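*Asks:* Below: sequence and its predicted model.
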Amino acid sequence: MITQLVYGLAGIVLFLLGVWSFLVHDPLLRKLIALNIMGAGVFHILMAVAYRGLDAPPDPIPHALVLTGIVVAVSATALALTLGQRLERRDD
Amino acid sequence: MRTRNALIIIALALIGAALAWAFLDAVAGQTDARLADLALERVPESGVSNPVTSVLLNYRAYDTLLELAVLLASILGIWSTGPALPGFLPAGPVLSGLVASVVPLLVLTAGYMLWVGGHAPGGAFQAGALLGAAGVVLRLAGEPRAGLPPLPWLRLAIMLGVLTFTMTALVLMAVGAGFLTFPLAVAKWLILFVEAAATLAIGATLAAAYLAGEPLAVPTASDRHGGIGH
């Protein structure tokens, strides 16, 4: 129970740090990293919600959602990085 | 600037408090039946014994199909921004030697991950991520195309996941089982078939995304003299 709470609350803290960084810093790359940290926080929270004690298997649905989310986050990040890079090249 | 930051901190504290309350309520406050019980109870009917794979490829197969479509959309977006960046300089002997032994291991592990996903943690996404990592490692070691096949084959590879998934669903519909409803007798093999295609598609997509543009069929002059690295 304590582990679950620590993990979930740490996820919330990560999410808030990500939002903070996203709002405060101007460079696109930093915003992108901030978005990914927000995503990591959300995954933490989902993992914590899925935990059902040591003697029960975890809830598979949040696990599947996280797995889906990771892949979507990676591909969206790749697209955003490419777009950012093209923008930078245009500025030169 | 100061007031703005102070306002952001106050807003974040309020959001954090609301999220913490929602989280505590979700883990401690709810004692009714959870969706997990229903999901775990039906695992024997899904064709695989790993509950997460059951959710991904059977109960929520629609979700996974659309997720593969998201991957396809992102790589098409990357390709539409222009040609791929020139690769890095060829690696020195130590890195090349390391890459030569790591890449086959990654491919082997990806195959294992794909198979083990039916009954233990693993599956198409983990396997695809390993294949993608193999491509990234190759690219870092100076292989400009990250080990990807020529463009026509690459085009096929990135759409393989969506294509196989949709075709399987349509065939199932044609034989009367329903869109993405796997009959139990063949569910395991259909899931493995779809997952194998998805693995190749995810691996090719992730590796291709790392090129940051469309790999050209024939390298142009500017490509060859495009400078060292990025």
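*Replies:* Arrived safely, thanks for sending. Residues are numbered from 1 along each chain as shown, chains lettered A, B, ... in the order given.

*Asks:* now chain A, which segments are flagged as low pLDDT?
*Replies:* With pLDDT under 70 as the threshold, chain A has low-confidence stretches at A:92.

*Asks:* Strands along that one, start to end?
*Replies:* Under the criterion DSSP state E, chain A carries no strands.

*Asks:* Grab the nearest non-local neighbour of the residue nearest the centre of it.
*Replies:* The centroid of chain A falls nearest to residue A:39 when counting by Cα atoms, centre = their mean (1.4 Å). Of all residues not flanking residue A:39 in the chain, residue A:73 sits nearest, at 4.7 Å (Cβ to Cβ, 6 or more residues apart in numbering or on different chains). Bear in mind the C-beta positions are built from the backbone N, C-alpha and C, glycine included.

*Asks:* give me the low-pLDDT residue ranges for chain B?
*Replies:* Answering for chain B: the residues below the bar, that is pLDDT under 70, span B:31-32, B:217-230.

*Asks:* Report all helices and strands that the helix ranked longest in chain A contacts.
*Replies:* Selection of the longest helix in chain A by residue count, based on DSSP state H, yields helix A:60-91. When contacts are defined as 3 or more Cβ pairs under 8 Å, 6 or more residues apart in numbering or on different chains; DSSP states H and E, helix A:60-91 packs onto helix A:28-50, helix B:35-41, helix B:51-53, helix B:61-80, helix B:124-140, helix B:184-209.

*Asks:* for the ones you listed, which one ends up most surrounded?
*Replies:* The highest mean neighbour count among those, using mean count of other Cβ atoms under 10 Å in any protein chain shown, belongs to helix B:51-53: a mean of 26.

*Asks:* outside of that one, which residues touch it?
*Replies:* With contact meaning Cβ atoms under 8 Å, 6 or more residues apart in numbering or on different chains, helix B:51-53 is reached by A:57, A:60, A:63-64, A:67, B:39-40, B:43, B:46, B:117-118, B:121, B:123, B:191, B:195.

*Asks:* do stretch B:93-101 as well
*Replies:* Contacts for stretch B:93-101 (Cβ under 8 Å, 6+ apart): B:90-91, B:137-138, B:140-142.

*Asks:* now swap in stretch B:170-188 and tell me
*Replies:* Against stretch B:170-188 from outside (Cβ under 8 Å, 6+ apart): B:45-48, B:58, B:61-62, B:65, B:118, B:168-169, B:190-191.

*Asks:* In TSV: the residues you listed, plus distance to chain A.
*Replies:* Formatted as TSV, the contacts of stretch B:170-188 follow (distance: Cβ to the nearest Cβ, whole Å):
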residue	distance to chain A
B:45	14
B:46	10
B:47	15
B:48	11
B:58	10
B:61	11
B:62	11
B:65	11
B:118	14
B:168	19
B:169	18
B:190	18
B:191	14
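
*Asks:* So which of those residues is the closest to residue B:215?
*Replies:* Nearest to residue B:215 among the contacts of stretch B:170-188 is residue B:65, at 26.1 Å by Cβ to Cβ.

*Asks:* The closest one contacts residue B:162, doesn't it?
*Replies:* Yes. Distance between residue B:65 and residue B:162: 7.0 Å, which falls inside the contact criterion (Cβ atoms under 8 Å).

*Asks:* Would you mark the buried spots in stretch A:85-92?
*Replies:* Neighbour-count burial for stretch A:85-92 flags residue A:85 (criterion: 16 or more other Cβ atoms under 10 Å in any protein chain shown).

*Asks:* That stretch: how far from the chain's middle?
*Replies:* From the chain centre to the centre of stretch A:85-92 is a distance of 27 Å (Cα atoms, centre = their mean, to the nearest Å).

*Asks:* What of stretch B:103-113?
*Replies:* That offset, for stretch B:103-113, works out to 15 Å (Cα atoms, centre = their mean).

*Asks:* Contacts for it next, please.
*Replies:* B:122-123, B:126-128, B:130-131, B:133-134, B:137-138, B:147, B:199, B:203.

*Asks:* Within reach of chain A, which of these are there?
*Replies:* B:123, B:128 (Cβ under 8 Å from any Cβ of the partner chain).

*Asks:* quick one: which of the contacts of stretch B:103-113 is nearest to residue B:5?
*Replies:* For those, the nearest to residue B:5 is residue B:133 (38.6 Å; Cβ to Cβ).
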